[in-house]
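**Student:** My questions concern the predicted model and sequence given below.
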Amino acid sequence: MRESDRNMYQRKKIDITLADLAQGLKFCAKAPPREQLLKEIEHLWSDGRAVLPTLSVRTGFDLLLRNLDLGDRDEIIITAVTIPHMEQIILEHGYTPVPIDFDPQDMQTSAALVERAIGPRTGALMITHLFGTRQPLDTWVDLAREHDLFLIEDCAQAFDGLGYAGDVNADISMFSFGSIKTATALGGALLSVRDYDLAERMRAEQATYPVQDRRVYMNKLVKYMGLVGISSPERFSMMIRALQLTGRDYDMVIRRLTRGFSGPGFWDKLRHQMSAPHVAMLHHRLMTYDNNLLERRAKAGRFFASLLDPHIVHFGWRCARHTHWLFPIAVSNPHEVIVALRAQGFDATSGSSTLVALENNSDHHELDTELSKRLMNNIVYLPISQHVPESEIARCARALNAIARPLEIPAPRHYQFRPASLPRLPEVIG
């Protein structure tokens with residue numbers, strides 16, 4: 001059967017309902033007092049650290065680096081895979097990013113490589129939890145204390161329900177509620193900051209930013225009503241066929257529609273406060289989100305993973321906690337896999353997120369990011385979630401096993417990586 005003849009399971013369903021979006025439009029007409037809701041959100045989220053709501057994680061990270069005093073230490077060690085804007089923000093503030101590879105099996109950044117990278121110029125360490133996984137921070141907390149480093153925890157992809165605001169020992173934990181994130185509010189972020197003085201400096205600076213025009217948020221709500229409205233396999237397939245008739249690449253169209261801070265004027269867009277209806281929506285999502293959705297998504301991910309052939313690299317299969325915000329794999333023939341799965345009605349893609357593997361442009365020439373670059377060059381994101389029937393998940397696994405070829409993974413220098421055949425997951429937990 002041709003790709004155009006099958007209904008297609010969408011690569012990433014937006015985690016919001018039409019009822020939520022309609023509530024957002026009501027907030028645009030009349031929202032509760034903005035400052036009151038901000039205080040309620042801070043109370044809901046607090047784990048003993050100061051809480052700072054911002055327009056996005058990028059906004060919060062920019063505020064952090066504008067107010068963080070690292071003295072003459074100008075290097076920030078970061079996980080090698082991140083969004084390009086994080087590197088851009090680091091460079092904008094005169095710091096040098098030092099990217100470090102990670103092990104795709106447990107998503108752990110190598111402690112040996114991090115220790116090798118630490119020097120007199122190192123001021124901060126940023127650990128990023130990827131794809132819905134969560135790695136323990138104990139090693140990084142000890143390392144940060146030993147070397148007097150500011151510890152940044154990027155949890156933009158790791159929302160795990162109300163009650164988990166990150167590791168309380170991190171100097172800052174940053175969560176995103178952007179358009180394709182779990183429990184999306186179509187933007188917004190929550191930062192937990194250990195140093196109350198630093199949090200107040202960040203808060204004071206953010207108060208000088210203009211409040212985003214509520215019409216910007218209203219337009220976003222209307223756009224996502226359309227995207228959610230076509231998210232069933234039947235309607236999504238109709239959209240694909242319509243775009244194909246006009247000669248447009250539906251993959252690129254979807255990427256543009258769901259991308260945040262696109263187009264010119266990045267810094268101006270970044271340095272705004274959330275509007276009142278946006279704050280009201282974030283509060284609404286935190287108050288009403290059903291954590292059972294997370295467990296159902298995680299269960300679907302575990303089931304699919306248990307069906308994969310051992311040679312397929314499944315990111316984070318050894319992680320104790322994995323909500324499968326995305327389900328990426330790495331194979332040596334990604335294009336062939338994407339074409340074959342789409343022909344079977346599964347909207348596989350290599351570009352479901354803006355994540356990239358960074359080049360190491362620091363003075364630490366002994367470090368490289370070859371592993372991360374190879375993984376990201378061969379990544380395929382799969383449409384696996386609680387919205388896909390179990391029988392269809394099994395059919396996707398069979399189609400994938402039949403076409404996927406193993407990826408040879410280079411071991412980073414000075415890093416004991418274990419790229420041998422990945423054993424099957426244990427029996428799926430109910």
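**Tutor:** Cool, the structure landed.
**Student:** In the least confident helix or strand in the chain by mean pLDDT, which residues are buried?
**Tutor:** Sorted by mean pLDDT, DSSP states H and E, the helices and strands of the chain end with helix 250-258, the least confident at a mean of 71. Neighbour-count burial for helix 250-258, counted by 16 or more other CB atoms under 10 Å, picks out 250-251, 254-255, 258. Bear in mind the C-beta positions are built from the backbone N, C-alpha and C, glycine included.
**Student:** go on, stretch 322-342?
**Tutor:** By neighbour count, with 16+ other CB under 10 Å as the criterion, the buried positions of stretch 322-342 are 322-331, 333-334, 337-338, 340-342.
**Student:** From the residues you listed, which land in strands?
**Tutor:** Those of those mapping onto strands are 322, 327-330, per DSSP state E.
**Student:** can you put these in a markdown table and add distance to residue 160?
**Tutor:** Formatted as a markdown table, those follow (distance: CB to CB, whole Å):
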| residue | distance to residue 160 |
| --- | --- |
| 322 | 10 |
| 327 | 16 |
| 328 | 18 |
| 329 | 22 |
| 330 | 24 |
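**Student:** Export these to CSV and append columns for pLDDT.
**Tutor:** Compiled in CSV, those are given as follows (pLDDT from 0 to 100):
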residue, pLDDT
322, 94
327, 95
328, 96
329, 96
330, 96
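**Student:** Show me which of the residues you listed is closest to residue 147.
**Tutor:** Of all these, the one sitting nearest residue 147 is residue 322; the distance, using CB to CB, is 29.4 Å.
**Student:** can you pull the contacts of the spatially most central residue of the chain?
**Tutor:** With distances taken as CA atoms, centre = their mean, the residue of the chain nearest its centroid is residue 157 (3.3 Å). Neighbour list for residue 157: 128-132, 176, 181, 325-326 [criterion: CB atoms under 8 Å, 6 or more residues apart in numbering].
**Student:** Find the nearest non-adjacent residue to it, please.
**Tutor:** residue 325 (5.2 Å; CB to CB, 6 or more residues apart in numbering).
**Student:** Let me see the confidence value for that neighbour.
**Tutor:** At residue 325, the model reports a pLDDT of 94.
**Student:** Same check on residue 109?
**Tutor:** Predicted confidence (pLDDT) at residue 109: the value is 86.
**Student:** Okay, and the beta partners of it?
**Tutor:** For residue 109, the beta-bridge partners under DSSP bridges are residue 102.
**Student:** That one and residue 139: what is the separation?
**Tutor:** Summarising the geometry, the distance separating residue 109 from residue 139, computed by CB to CB, to the nearest Å, is 9 Å.
**Student:** quick one, which of those two is more surrounded?
**Tutor:** The residue with more neighbours, out of residue 109 and residue 139, is residue 109; 24 against 14, by other CB atoms under 10 Å.
**Student:** what sits against the more buried one?
**Tutor:** Residue 109 sits next to 79, 100-102, 127, 135 when contact means CB under 8 Å, 6+ apart.
**Student:** ok so, going back, against residue 176, how distant is the residue nearest to residue 157?
**Tutor:** Computed with CB to CB, the distance linking residue 325 and residue 176 is 10 Å.
**Student:** now do residue 47
**Tutor:** According to CB to CB, residue 47 and residue 176 sit 17 Å apart.
**Student:** same check, this time on residue 133
**Tutor:** For residue 133, the distance to residue 176 - CB to CB - is 15 Å.
**Student:** Quick check on the two: which one has the bigger neighbour count.
**Tutor:** A count of neighbours by other CB under 10 Å puts residue 176 above the other of residue 133 and residue 176, at 27 against 23.
**Student:** Now that one: closest residue in space that isn't a chain neighbour?
**Tutor:** Nearest non-adjacent residue to residue 176 (CB to CB, 6+ apart): residue 156, at 3.8 Å.
**Student:** Please, where are all the helices along the stretch 251-400 of the chain?
**Tutor:** Counting by DSSP state H, counting those that start in this stretch, one finds helices in the stretch 251-400 of the chain at the ranges 266-270, 276-288, 291-307, 334-343, 370-377, 390-403.
**Student:** Quick one: residues in contact with the third one.
**Tutor:** Applying CB under 8 Å, 6+ apart, the contact partners of helix 291-307 are 15, 132, 160-162, 182, 314, 317, 322-325, 327, 382, 384-386, 388, 390, 393-394, 396-398, 401, 424-425, 427-430.
**Student:** ok, now with 7 Å
**Tutor:** 160-161, 182, 314, 317, 322-324, 327, 384-386, 388, 390, 393-394, 397, 424-425, 428-429 (CB atoms under 7 Å, 6 or more residues apart in numbering).
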